[in-house]
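Participant: turn this into a model:
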Amino acid sequence: MQQLIKYLLAFLLFFSAFHAQSQSDADTLSNVLRPRIGLGVGTMTYYGEIQNYQKKFIPTMNRFHGMAYVNAPITRYFNLELTASYGKIVANERSLVSNLNFQSRIRMFSAQLYYNFYPMLSSPKTMFHPFVGLGFSSFEFLSKTDLYDANGNEYHYWSDGSIMNMSEDNPLAENAIPLMRDYTYETDLREQNLDSLGDYREQSFAIPISAGIEFHLSPRWDFRVATTYYFTFTDLIDNISPAGEGPIRHGDGRKDMLWTTYVSLSYDLQLPKEKGFDPMDDRDIELYVDFEQNDWDKDGVIDAYDECPGTPLEALVDEKGCPLDMDNDGVPDYMDDEPNTPEGNMVNEFGVTLTEEDIARHWKEFNDSTGYDHPFVEDKKIVEFGKEGVVQLVDPYADRKDKSYVVIIGKEHKDISANELHKYLGYNEFKTELRGDTVYYILGEYATIEDAVAAQEKIEEEGIDVELIGRDGSVDSTFFAIDPRVVEKVKEDNNNTGRVGPEVGKSDQQVYRVQIGAFKNKVNTSEAFPEIEDITFAKGEDGITRYYSGKYEDYKKANAHRKKLISKGYRSAFVVAYKGHERKTLRELGIDPNDLPDNYNEDKELNSFVESRTEDETDTTGGNNIINGIDMSRVKYRLKIAEYPEDADIPNEDLDIFLNIGDVKPVRAESGKMIYYSKPFPSKEAAINEIDRYKTYGLEDMVPIIEYDGDYFTVEEFEEKLKP
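Facilitator: Alright, predicted model coming up:
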């Protein structure tokens, strides 16, 4: 025990010396006394010879422990605490060898030095800190034992485990009456003088060692959960010591120990030492920061220092927590639609320079009191002329519905060759938009910056490069790029809050668009396609730019739009279809033949494909190769991955596997069996090579199958069909 105390003292002295110099200039504690008063309740436990140092711990032996304390900081890292406490301890033995028992009342006064890990280990957002402590205690004990019942009968413990009113060797023992302990500790142990110790002192000292966690409920209220172990300097709390004789009374010489566990609540008085102390004085903000390090608006400046609380996530801020305004026009950068306004220009609420006509109109509206006919009441704007001071956090888009954020995967000037972005037409979120002289390729539009950043992460996970996130502002000629630092800040906040972003490009999503034109050179869409809205265009691998109108997840709606366009004169309009972001024919998607356009021809539709077909759709037979009357271009290679008897209940676990694999095709055989086939592969060898990967899903007994015109054959059966 002495060695342990030495180590703890050395530990606390080391940290005290280590932090002393760094705190000499920063601490403001020399100007303020901040005592905290607290009350706590818990339990007290005894460790000694009786019950063999609690080696068989019995929680019912714990007794009440209450405390009151005053705690005051010495530095940011050390606190001094004075504690007055009261408690009880108890121990009861019940065996054929020993039946000792006692209860003691403990009154204690302690002084402890606490070391707080909070300033060194915790982040600004942490609301709790751990601590350890070491100190000195003085306590008194009053120990009593239970020797008699309520009627004054002395307990005698017999060898059979019973309690009687006379000893087992008494001649009248056959008339003994059984007794029950009343657990009233009525006999003073010291007064018994069983070991000839006389009137020994019922007072001693102890070294308390503490550890716990303190929760900061507010700048003044703290909640604590802690424990303290007391190494005492006495072996007489239980009245068992080396002075006793016999195997029961003779102690082992080890000191008795005490252990307390408690919870407490404390209040910070913040008493001034100097008259006229201002609790909001800048000198004392650092003290407040120690206990309240929240950053409510998540701008990187804690609330204690933040002069502009409530800053939006998309704003970059200065050291005071106020939004940056690099051109000093009074409109923060995150909502400024003219980032580099010349000095001295008057601007509107969007940070855009006011023209002379704008100024004249505002002046007229400001002075009008005669009912002058203008839309001022319905379209009121707040304009500040040369106002100085703190930036006003007023969102000029608050009453507008057109503010949005877009994920931009590419952009180009309209006189420059386009990137080959035709493949993204399979995303329902994909669109192109012309702003000024720039074409923007957009993969999603969102109402909040948080959703846009979350969507960007999902898009990048699919291997698509995102060029930037843009903000749609009051200027129609451009999108305003969101600073990458803002994107990182929002991304971190999304991760911390567990935000689930919008779903982008579902793997089984079907998208239908109506192609209305194809040109070798780009055209002016407003001139080439007047009165048609929602036009998307993209350049394919063949160098031709194709133009599309609308986007639908339902074929019938797309077909209705096609018919409407044909009635307007766009006779060559036709529906193009995508599934899982890949171009498909209408027949491949299982469109009802009755809903297909008149004179529909799948080969003609295939000739309109400009996207690269995936490997599983590539014809490896050398084109329209006819063998023994069989068109090999229509052959598909699959794996039979599972089959179930007629009317059998298919396990949910198997259905989940098929869903995870994707593109699994269920077929009802003539026998009534339900058979599940994999997606098509370009060759028999490719199908066989995939068997091992499919086994990782828990599938077994898979065999390659050949599909031809809706019929399914084993490899051997199909090879027989190919023979002349």
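Participant: what segments of the stretch 101-250 of the chain are strands?
Facilitator: Ranges of strands in the stretch 101-250 of the chain, per DSSP state E, counting those that start in this stretch, are 101-116, 128-145, 156-157, 163-164, 187-188, 203-216, 221-232.
Participant: so how far is the first residue of stretch 700-709 from its last?
Facilitator: The straight-line separation of the ends of stretch 700-709 (C-alpha to C-alpha, to the nearest Å) is 27 Å.
Participant: no no, stretch 653-671
Facilitator: In stretch 653-671, first residue to last residue: 24 Å (C-alpha to C-alpha).
Participant: going forward can the numbers begin at 10, since that is how I track them
Facilitator: Right, with 10 as the first residue, what we last looked at is stretch 662-680.
Participant: hmm, back to that, now render the strands of the stretch 110-259 of the chain as TSV, adding distance to I715, mean pLDDT and mean neighbour count.
Facilitator: Every residue, glycine included, has its C-beta placed from N, CA and C. Shown next, in TSV, are the strands of the stretch 110-259 of the chain (distance: least, C-beta to C-beta, whole Å; pLDDT from 0 to 100; neighbours: other C-beta atoms under 10 Å):
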stretch	distance to I715	mean pLDDT	mean neighbour count
strand 110-125	74	95	20
strand 137-154	66	94	19
strand 165-166	91	92	18
strand 172-173	91	92	19
strand 196-197	98	94	14
strand 212-225	68	94	18
strand 230-241	70	95	19
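Participant: what would those look like in TSV with distance to D663?
Facilitator: Shown next, in TSV, are those (distance: least, C-beta to C-beta, whole Å):
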stretch	distance to D663
strand 110-125	57
strand 137-154	48
strand 165-166	69
strand 172-173	68
strand 196-197	76
strand 212-225	49
strand 230-241	50
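Participant: nearest to I700, out of those strands?
Facilitator: strand 137-154 (54.8 Å; C-beta to C-beta).
Participant: can you map out the strands along the stretch 410-559 of the chain?
Facilitator: Taking DSSP E, counting those that start in this stretch as the test, the strands found in the stretch 410-559 of the chain are 413-422, 439-444, 447-455, 477-481, 489-490, 519-528, 544-548, 554-561.
Participant: ok, and the closest non-adjacent residue to D277?
Facilitator: Excluding the flanking residues, the one nearest D277 by C-beta to C-beta, 6 or more residues apart in numbering is R229, at 4.2 Å.
Participant: can you map out the helices along the stretch 260-409 of the chain?
Facilitator: Along the stretch 260-409 of the chain, counting by DSSP state H, counting those that start in this stretch, helices occupy 294-300, 365-376.
Participant: and those, which one's lowest on average pLDDT?
Facilitator: Here the lowest mean pLDDT among the helices of the stretch 260-409 of the chain goes to helix 294-300, at a mean of 51.
Participant: what is the burial count for V495?
Facilitator: Neighbours of V495 under the rule other C-beta atoms under 10 Å: 21.
Participant: how much space separates it from P332?
Facilitator: According to C-beta to C-beta, to the nearest Å, V495 stands 11 Å off from P332.
Participant: can you pull the residues that touch both of those two?
Facilitator: Common neighbours of V495 and P332 (criterion: C-beta atoms under 8 Å, 6 or more residues apart in numbering): A324, L325, Y343.
Participant: quick one: those residues as TSV, columns for neighbour count, pLDDT and distance to E149 too.
Facilitator: Output for the shared contacts of V495 and P332, formatted as TSV (neighbours: other C-beta atoms under 10 Å; pLDDT from 0 to 100; distance: C-beta to C-beta, whole Å):
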residue	neighbour count	pLDDT	distance to E149
A324	22	84	63
L325	17	86	63
Y343	22	83	67
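Participant: let me know the average pLDDT across stretch 677-691.
Facilitator: Model confidence over stretch 677-691, given as mean pLDDT, is 85.
Participant: what about that stretch, distance to the chain center?
Facilitator: In terms of C-alpha atoms, centre = their mean, to the nearest Å, the centre of stretch 677-691 is set 43 Å apart from its chain centre.
Participant: shaky segments in the stretch 210-359 of the chain?
Facilitator: Along the stretch 210-359 of the chain, the model assigns pLDDT under 70 to residues 280-302.
Participant: sorry, wrong one. I was asking about the stretch 460-609 of the chain.
Facilitator: Applying pLDDT under 70 to the stretch 460-609 of the chain picks out residues 516, 550-552.
Participant: wait, which of the strands of the stretch 110-259 of the chain is closest to D672?
Facilitator: Closest to D672 of the strands of the stretch 110-259 of the chain, according to C-beta to C-beta: strand 137-154, at 51.0 Å.
Participant: isn't Q112 right next to G96, touching?
Facilitator: No: the pair Q112 and G96 fails to qualify as a contact (C-beta atoms under 8 Å) at a distance of 11.2 Å.
Participant: quick one: common contacting residues for those two?
Facilitator: With C-beta under 8 Å, 6+ apart, Q112 and G96 have common neighbours R72.
Participant: wait, H138 sits on E223?
Facilitator: Yes: using C-beta under 8 Å, H138 is in contact with E223, at 5.8 Å.
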